[in-house]
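[1] what's the 3D shape of this:
(4 chains)
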Number of protein chains: 2
Amino acid sequence: MCVTNAIWSALLDPHRRAVLDRLRERAYPVGELVEELRWTQPAASKHLKVLRDAGLVRVRKEAQQRIYSIDPGPIAELDAWIAPYRRLWNDRLDALARHLDDNDEKEK
Amino acid sequence: MCVTNAIWSALLDPHRRAVLDRLRERAYPVGELVEELRWTQPAASKHLKVLRDAGLVRVRKEAQQRIYSIDPGPIAELDAWIAPYRRLWNDRLDALARHLDDNDEKEK
DNA sequence: CACGTATATACCTTGACAGGTATATACGTG
DNA sequence: CACGTATATACCTGTCAAGGTATATACGTG
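    Residues are numbered from 1 along each chain as shown, chains lettered A, B, ... in the order given. Have a look, this model is predicted:
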């Protein structure tokens, strides 16, 4: 329903945003993330825990591996949070458009 | 172009998000924000500084008052950051829609 | 069931940040 | 220019998050 602090806080860290970037394409086991993002393994575990607690990722077990995949729900909520602000830059673009139109008129 | 850490970090704090909420409607002098949000005055100054540094608000002087207004630019960038994720929940909704359609078919 | 692999957690240290009090700065007025 | 109002900054303190090392847990295999 709303963007919790846990979600904002999870998204604050660039490393964690980088993971989400990857996970957008496909699911990853922890080990592969450690390699690609050049983390230590414990750091990876901790960041992933934060993302889990915020509901931004899901895990499924596969033998010893944990496969992480993205859960877009919280980001959709973030999108909803932005919604009321959206008209602010739309208005501004409209104003700009009108301004340009006016100039067009004058040039005629 | 991109959502800087300063922007994420500024948006992390609920108090600061509350200010932006207000500023969406109109510009406010600091004093009024202090009242409405029940801050101490120094706290207000500091939060507003964080928002300023992140480019989320602008100030204009008016006698001794500083009038703060919102700058939607960074939030528009946040919107752009979300863009690539958007298809994730659209896809999911599509899948759900297809699923429901299938069930409709079966009921016939 | 001993062992290797994959991941999580405990614990410690360090740095960033929030809130508060006191103080500085800027501006308008008499 | 003394003074009041409006806002910003300095400084201190406590809290919390991040990163690292060491260790625990879970699972599959011989």
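[2] Quick check: A:Arg17 touching A:Leu11?
    Yes - A:Arg17 lies in contact with A:Leu11 (CB atoms under 8 Å); the separation is 6.2 Å. All C-beta atoms are positioned from the backbone trio N, CA, C, and that covers glycine.
[3] Need the residue closest to the centroid of chain A.
    When CA atoms, centre = their mean is applied to chain A, the residue found nearest the centroid is A:Ile75 (5.7 Å).
[4] Leaving out the residues flanking it, which one is nearest to that one?
    Of all residues not flanking A:Ile75 in the chain, B:Tyr85 sits nearest, at 4.8 Å (CB to CB, 6 or more residues apart in numbering or on different chains).
[5] For that neighbour, give me the pLDDT.
    B:Tyr85 is assigned a predicted lDDT (pLDDT) of 96.
[6] can you check the one 3 residues further on too?
    Predicted confidence (pLDDT) at B:Leu88: the value is 93.
[7] from what I can see it touches A:Ile70, true?
    Yes - applying CB under 8 Å as the test, B:Leu88 and A:Ile70 come out as touching, 6.7 Å apart.
[8] so the one helix or strand the residue nearest to A:Ile75 maps to versus helix A:73-107, what angle?
    Here B:Tyr85, judged by DSSP states H and E, is contained in helix B:73-107. Helix B:73-107 runs at 120 degrees relative to helix A:73-107, counting by axes from the mean of the first three to the mean of the last three CA atoms, to 10 degrees.
[9] buried set for helix B:73-107?
    B:Pro74, B:Ile75, B:Ala76, B:Glu77, B:Leu78, B:Asp79, B:Trp81, B:Ile82, B:Tyr85, B:Leu88, B:Trp89 (16 or more other CB atoms under 10 Å in any protein chain shown).
[10] now for it, which elements pack on it?
    Judged by 3 or more CB pairs under 8 Å, 6 or more residues apart in numbering or on different chains; DSSP states H and E, helix B:73-107 is in contact with helix A:73-107, helix B:5-12.
[11] For B:Leu23, find the nearest of those helices.
    The minimum distance between B:Leu23 and these falls on helix A:73-107, with 9.6 Å, by CB to CB.
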